[in-house]
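S.K.: A predicted structure for the sequence below; I have some questions about it.
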Amino acid sequence: MKETLLILLLQLIYVPLLTLRTIFLVKGLSVIASQLAVLEGLIYVFGLSIVLSGESSTLAMIVYAVGFGIGILLGAYVERKLAIGYTSLIVNLERKNEELISFLRNEGFGVTVFEGEGKDSKRYQLELLTKRSREDELILLIEECEPKAFIISYEPRRFKGGFLLKAMKRNKRKKVNEKSTKT
């Protein structure tokens, strides 16, 4: 019974590591991904050796498979909580909402506004880039002011320049300066 629980525990560690390693690799963080791969490999070999050497191999194999499935859910949950990376939102509005635009900018979001032509009238499009950890907050802010807004969210692979990067560099310098004045 101890072996069966150990197999389940190992899968609940192994599969989330596998999920995170894959995500870090896709996001270009290959050093972290390779470090996780070492841990993942050790856990995989250890867990599989227990499964293949145990007397109750059918039960061990089932627990191994179930642990894998639960581990996928756990890995996805951890990834959502970490919210690594950035998200880009395109928001289509029926009218130019200056109040919303100003509010979003005051909240630290970079907003670019475009005017376009819809089927029946002019439309306005807001383009925003933010950290994934703030995506839900941003969508709620938009929905409060513009319940009929059409919102598209996607993850950009690469970007360069712009308001967000300048703001992040300013904040980083500000934090470094604050730390140096405290010591």
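M.R.: Alright, I've got the coordinates. Residues are numbered from 1 along each chain as shown.
S.K.: now Val91: which helix or strand?
M.R.: strand 86-93 (DSSP states H and E).
S.K.: so what strands line up beside that strand?
M.R.: Using DSSP bridges, strand 86-93 pairs in its sheet with strand 122-131 (antiparallel), strand 150-154 (antiparallel).
S.K.: just send those back as JSON lines, with mean pLDDT too.
M.R.: Compiled in JSON lines, the strands paired with strand 86-93 are given as follows (pLDDT from 0 to 100):
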{"stretch": "strand 122-131", "mean pLDDT": "90"}
{"stretch": "strand 150-154", "mean pLDDT": "93"}
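S.K.: on that earlier part again, and the strand holding Val91, what's buried?
M.R.: Using 16 or more other Cβ atoms under 10 Å as the test for burial, strand 86-93 gives Tyr86, Thr87, Leu89, Val91, Asn92, Leu93. (C-beta placed from N, C-alpha, C; glycine too.)
S.K.: and which of those residues is nearest Lys160?
M.R.: Tyr86 (12.4 Å; Cβ to Cβ).
S.K.: bridging residues for the closest one?
M.R.: Beta bridges link Tyr86 to Lys131, judged by DSSP bridges.
S.K.: contacts only, for it.
M.R.: Going by Cβ atoms under 8 Å, 6 or more residues apart in numbering, Tyr86 touches Leu129, Thr130, Lys131, Arg132, Glu155, Pro156, Phe159, Leu164.
S.K.: what's near enough to touch the second one?
M.R.: When you say that, I think you mean Thr130. Counted by Cβ under 8 Å, 6+ apart, Thr130 has contacts Tyr86, Thr87, Leu89, Phe109, Gly110, Leu138, Leu164.
S.K.: got the domain boundaries for this protein?
M.R.: The chain resolves into domains spanning 2-82, 86-174 when parsed by automatic domain parsing.
S.K.: most packed of those domains?
M.R.: domain 2-82 (a mean of 16; mean count of other Cβ atoms under 10 Å).
S.K.: so how far does that one reach from one end to the other?
M.R.: 32 Å (Cα to Cα, to the nearest Å).
S.K.: shaky segments in this protein?
M.R.: Low-confidence segments of the chain (pLDDT under 70): 54-56, 161-183.
S.K.: neighbouring contacts of the helix or strand containing Glu135?
M.R.: If you go by DSSP H and E, Glu135 is part of helix 135-145. Outside helix 135-145, the residues that touch it by Cβ under 8 Å, 6+ apart are 83, 87, 89, 91, 97, 99-100, 103-104, 107, 109, 128, 130, 149, 151, 153.
S.K.: among the residues you listed, which two are most distant?
M.R.: Most distant of those, by Cβ to Cβ, are Ala83 and Glu99, 27.7 Å apart.
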